[in-house]
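Peer 1: with the input below, show me the fold.
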Amino acid sequence: MKSLILYYSRSGATAKVANALGTALSADIKEIKCPRYQSGWFAYLRAGYDSVKGRLPLIDVPEVVFEDYDLVIIGAPIWTSYPALPLRSFLAQKPELPGRVAVFLTYGGHSPAEKAVKMVEGLLHIPLEVSLELPHDQVVEGRYSDAVDTFVAKLNAGDG
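Peer 2: Take a look at the predicted model:
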């Protein structure tokens, strides 16, 4: 099975999870970039404001031939209860993803993950195979390997 991890990370927490998943699955890893929210407090505030308003930013997506993959795992943080805008911008482009798609999301205590997962599923127009939601503090503290292992086991159980 050939897998791709495609993610957006503003602070680096989601990138840590993407790299852990990439290692566990021997997957290719590609990053969505969004210069609008790159760094600093102003970018953080802009991201929150844009998220509430639903303003989709311009993004840089690496060239990927999705047909080359059996599984695509997309990841992002949750902002104001929704998937980060760069991920939403990517999904709004209606990419032709393979039949197996999963998602992982990192979140702070104030953002319920269920709402964000449902939004991703709605934007994809196909059901997610499995989802992983990780609290930001667990990622920063390095306490996420068990959750990643469980997520990978669920993905591997569906590979058959």
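Peer 1: show me the helices in this structure, by range?
Peer 2: 13-25, 40-53, 85-92, 113-124, 136-140, 145-157 (DSSP state H).
Peer 1: mind listing what the spatially most central residue of the chain touches?
Peer 2: The chain has G75 as the residue nearest its centroid, 1.0 Å off, counting by C-alpha atoms, centre = their mean. Applying C-beta atoms under 8 Å, 6 or more residues apart in numbering to G75 gives the contacts 5-9, 14, 17-18, 21, 87, 103-106. (Each C-beta comes from the backbone N, C-alpha and C, glycine too.)
Peer 1: what's stretch 13-28 in contact with?
Peer 2: 2-5, 7-9, 29, 31, 69, 71, 73, 75-77, 104-106, 132, 134, 136, 139-140, 144-145, 148-149, 151-152, 155.
Peer 1: of those, buried ones?
Peer 2: Buried members of these, scored by 16 or more other C-beta atoms under 10 Å, are 3-5, 7-9, 29, 31, 69, 71, 73, 75-77, 104-106, 132, 134, 136, 139, 144, 148, 151-152, 155.
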